[in-house]
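Chemist: What shape does this take:
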Amino acid sequence: MSSSPDSLDAPQRQGLASAWLALFASSSTLICCALPALLVALGAGAALSSVVSAVPQVVWVSEHKVPVFAAAVVLMVVGGWVQWRNRTAPCPVDPNLRNACLRTRRFSAGLYFFSLALLAVGGWFAFVAPWLAGVEAG
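Modeler: Sure, this is the predicted structure:
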C-alpha cells in the first residue's frame, strides 16, 4: 500500500491543512514586525529599506498590524481546535497507512507549535518590545 497524502483520510488532511494555514497566518506577523525589528537591531537598516522598496506591501502590513494579528490569532485558534479534535482520530489498520497517518499527525502538531512560536515572536516585536521601550524611555 502507498503512504502518499492521497491515502490520508479527511481528518488527517484537515489537520495538515490547518497546520499549514496556521504557519501562513503566523508568518504574516513576522513580516510586519519581527523581520524589520531584527534587521534594524542588527544594524541592517539599509537592507530593510531595500526590502521595503522591493516589496512596498510590507509597509501596509506594518501599518495594519492589529488586524493582521487579530486574523492570525483567530486562524491559530481554529487551527488549534482542529488539531485538538483530530488528535484521537482513528488511523487505518494497514501498517503502512497507519504509519503515514501517525507521521502526518506528528508533523501537523509540530508545524502548529512552530507556528505558535512564530506568532509569539511577531507579537513580541509588534507589541511588547515597543511598549517596553516606551516604559524605559518614559
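Chemist: hey, where'd the helices end up in the protein?
Modeler: Taking DSSP state H as the criterion, the chain carries its helices at 10-29, 35-41, 45-54, 57-63, 65-85, 95-123, 129-137.
Chemist: Now mean pLDDT and mean neighbour count too, for those, in TSV please.
Modeler: For every residue, glycine as well, the C-beta is placed using N, CA and C. Putting the helices of the chain into TSV (pLDDT from 0 to 100; neighbours: other C-beta atoms under 10 Å) gives the following:
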stretch	mean pLDDT	mean neighbour count
helix 10-29	73	20
helix 35-41	74	16
helix 45-54	81	12
helix 57-63	79	13
helix 65-85	86	16
helix 95-123	87	17
helix 129-137	71	10
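Chemist: Verify the contact between Leu30 and Val121 for me.
Modeler: Yes: between Leu30 and Val121 there is a contact under C-beta atoms under 8 Å: 6.6 Å.
Chemist: Would you agree Ala71 is in contact with Ala25?
Modeler: Yes: Ala71 is within contact range of Ala25, at 6.7 Å (criterion: C-beta under 8 Å).
Chemist: Report the contact partners of the closest residue to Val82 other than its chain neighbours.
Modeler: Sequence neighbours aside, Ser18 is the residue nearest to Val82 in space, at 4.0 Å (criterion: C-beta to C-beta, 6 or more residues apart in numbering). With C-beta atoms under 8 Å, 6 or more residues apart in numbering as the criterion, the residues that contact Ser18 are Val78, Gly79, Val82, Gln83, Ser108, Tyr112.
Chemist: Over to Gly80?
Modeler: Contacts were defined as C-beta under 8 Å, 6+ apart; by that measure Gly80 touches Ala22, Tyr112.
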